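A.B. asks: no FASTA, just this:
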Ligand code: ATP
Ligand code: MG
Ligand code: MG
Ligand code: MG
């Protein structure tokens, strides 16, 4: 059975020779050179087919994790009114990071950089009784921040994609329990992505609230510094400690052992907000005949930032190395020459039954050599490349290249699942 998207040619937007290509230091540059993204202007990016597929894979894992905490998906408007931001006082305090505009009636608006105000107003209008609680809603959508220094491609954009979850509970204890459940779901999500991560105590900043944690990937490209104690549970963003100096020793405030400092990329952020927004925006329910503001939490994941962060952390001197769960495609089937194309199609069909059609791609371009295609596959970072050549014709054997380890395996087609699953 031929499948809809199975050929490499249909995702090819670039036709550039990578024969003499040197993998750059910057993963942002690499993602652009390989056709994952295209910069439209400083801090603003178009996602091309390969980049969009990685984003969709990340979103699917996020959706599973949101399902595990019973959250429902919504999509809030990107245009937000000054009135709602005035009620939280963030119209004044957001400064130049807020993209402000006005409509033809001179009504002042902004492009939402986050949605605490709008979701709280929406819930204030909809909630009538505590029987409707708890409420857990999330979205995956674009955010707008006029960053002073956009950098690292998708790492810091002026327009970017975030997952944001908002939770509403009846009291402080239940809000804390929600917070605990969401942090645990975040752990599952980051484990599923497949890279080592750290959860640290964090500053509540301009968002406000009582308790906050961030999720980080260690990387020299990161703009944050995390401090982790090797001996006890203590870990924090350096923003919470006074005057951290990278070269000096810093004792753990809990056990006194020396903290390990690392540059890192913030990829997720959780806040226990309490009643900061609900009291200002009137999201109340009646408890013992008195109106009481709801207890809130908000929880972000930097979806588009994660594409660049994962690329940055995993890339090597030969190109990108996608973890299997977020690769644009997990398996690429490559015939050694056009005369093996029919055999490659049959291998494609067999392997598609194992990994699913959404995870496999057939390299069917006729205008490139086998060597070019293998170099291209290595640069793009498909986790597994299955080669169909003379050994398949003679003995039904395929060679599998594993990108992360550099491993090579010769296997009969019916045993491929041992490596691919
Ligand atoms: P940063 O400290 O890097 O500026 P932030 O603390 O301002 O991030 P949050 O308000 O906590 O960001 O937003 C939630 C998540 O959105 C962040 O953890 C991060 O992963 C992502 N994010 C924030 N700003 C950007 C941006 N300009 N471009 C891409 N992703 C971003
Ligand atoms: Mg910021
Ligand atoms: Mg931050
Ligand atoms: Mg943050």
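C.D. replies: Received it, and whenever you're ready, just let me know what you need. As the structure is a prediction and not an experimental result, all values here were calculated from the model. Ligands and ions are numbered 1, 2, ... in the order given.
A.B. asks: Look up which residues are beta-bridged to the residue in the stretch 101-250 of the chain positioned nearest to ligand 1.
C.D. replies: Scanning the stretch 101-250 of the chain for the residue nearest ligand 1 gives residue 160, at 3.5 Å (criterion: CB to the nearest ligand atom). C-beta here means a position set from N, CA and C on the backbone, and glycine is covered the same way. Here residue 160 sits in beta bridges with residue 143, going by DSSP bridges.
A.B. asks: OK, contacts around it?
C.D. replies: Residue 160 makes contact with 142-143, 145, 154, 302-305, according to CB atoms under 8 Å, 6 or more residues apart in numbering.
A.B. asks: longest strand in this structure, by residue count?
C.D. replies: Looking across the chain with DSSP state E, the single longest strand is strand 260-274.
A.B. asks: give me the number of residues near residue 342?
C.D. replies: 11 (other CB atoms under 10 Å).
A.B. asks: what about it, which SS state?
C.D. replies: helix (DSSP: H, G, I helix; E, B strand; the rest coil).
A.B. asks: How about the contacts made by the closest residue to residue 260 other than its chain neighbours?
C.D. replies: Leaving aside its chain neighbours, residue 260 sits nearest to residue 228 (5.1 Å; criterion: CB to CB, 6 or more residues apart in numbering). Residues in contact with residue 228 (CB under 8 Å, 6+ apart) are 198, 200, 234-235, 259-260, 262.
A.B. asks: go again using 10 Å as the cut-off
C.D. replies: 198-200, 216, 218, 234-236, 252, 259-262, 264 (CB atoms under 10 Å, 6 or more residues apart in numbering).
A.B. asks: And residue 73, by the same measure?
C.D. replies: Contacts of residue 73 by CB under 10 Å, 6+ apart are 62-63, 66-67, 137-140, 163, 165.
A.B. asks: Filter these down to the buried ones.
C.D. replies: 62-63, 66, 137-140, 163, 165 (16 or more other CB atoms under 10 Å).
A.B. asks: what about the closest residue to ligand 1 within the chain, neighbour count?
C.D. replies: In the chain, the residue that lies nearest ligand 1 is residue 302 (2.1 Å; CB to the nearest ligand atom). Using other CB under 10 Å, residue 302 is surrounded by 25 other residues.
A.B. asks: Thought residue 265 was touching it, still the case?
C.D. replies: Yes: here residue 302 reaches residue 265: they are 8.4 Å apart, a contact under CB atoms under 10 Å.
A.B. asks: Mind listing the shared neighbours of the two?
C.D. replies: Counting by CB under 10 Å, 6+ apart, the common neighbours of residue 302 and residue 265 are 155-156, 215, 308-309.
A.B. asks: Of all pairs in those, which one spans the longest distance?
C.D. replies: 156 and 215 (16.6 Å; CB to CB).
A.B. asks: The two: which has the busier surroundings?
C.D. replies: residue 215 (24 against 20).
A.B. asks: For that one, list each beta-bridge partner.
C.D. replies: Residue 215 forms beta bridges with residue 199, residue 268, as assigned by DSSP bridges.
A.B. asks: Show me what from the stretch 251-400 of the chain comes close to ligand 1.
C.D. replies: Residues of the stretch 251-400 of the chain lying close to ligand 1 (CB under 6 Å from any ligand atom) are 266-269, 300, 302, 304-305.
A.B. asks: Show me the helices in the stretch 51-200 of the chain, by range?
C.D. replies: 82-87, 90-93, 116-126, 172-193 (DSSP state H, counting those that start in this stretch).
A.B. asks: could those helices go into TSV alongside mean pLDDT, distance to ligand 1 and mean neighbour count?
C.D. replies: Listed next are these as TSV, based on pLDDT from 0 to 100; distance: least, CB to the nearest ligand atom, whole Å; neighbours: other CB atoms under 10 Å:
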stretch	mean pLDDT	distance to ligand 1	mean neighbour count
helix 82-87	98	15	17
helix 90-93	97	12	15
helix 116-126	98	10	20
helix 172-193	98	11	17
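A.B. asks: Residue 278 is nearest to which of these?
C.D. replies: Closest approach to residue 278 among the helices of the stretch 51-200 of the chain (CB to CB): helix 116-126, 5.9 Å.
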